[in-house]
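>>> here are the coordinates; sequence isn't available:
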């Protein structure tokens, strides 16, 4: 396979990867949400994590 050919990932493997990623993001979000206060950098990280978690959720529905 040349490096320019797209790799086809089986749906079940892709789903498993997305579920794992979603869970990791949820854990980190929970850890940040549990703090009394956040630094500006942590607030930015939290916003980015929430967007990535939502993307993972949407991707899971697409793999469905």
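Received it, and whenever you're ready, just let me know what you need. None of the values given here were measured: they were computed from a predicted structure.
>>> where does the protein dip in pLDDT?
1-6 (pLDDT under 70).
>>> Quick one: the helices in it, in order.
Counting by DSSP state H, the chain has helices at residues 11-33, 40-63.
>>> so can I have a markdown table of these showing mean neighbour count?
Heads up, the C-betas are built off the backbone N, CA and C, glycines and all. Listed next are these as a markdown table, based on neighbours: other C-beta atoms under 10 Å:
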| stretch | mean neighbour count |
| --- | --- |
| helix 11-33 | 14 |
| helix 40-63 | 13 |
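>>> residues touching the residue lying closest to residue 57 once chain neighbours are set aside, list them.
Using C-beta to C-beta, 6 or more residues apart in numbering and skipping the chain neighbours, the partner closest in space to residue 57 is residue 22 (6.2 Å). Shown in contact with residue 22 (C-beta atoms under 8 Å, 6 or more residues apart in numbering): 53, 56-57, 60.
>>> To what extent is residue 10 buried, counted in neighbours?
8 (other C-beta atoms under 10 Å).
>>> quick one, phi psi at it?
As for residue 10, its main-chain torsions (degrees, to the nearest 10) stand at phi -60, psi 140.
>>> on that earlier part again, how much space separates the residue nearest to residue 57 from residue 52?
9 Å (C-beta to C-beta, to the nearest Å).
>>> Likewise for residue 44?
13 Å.
>>> do the same with residue 58
Taking C-beta to C-beta, one finds residue 58 at 11 Å from residue 52.
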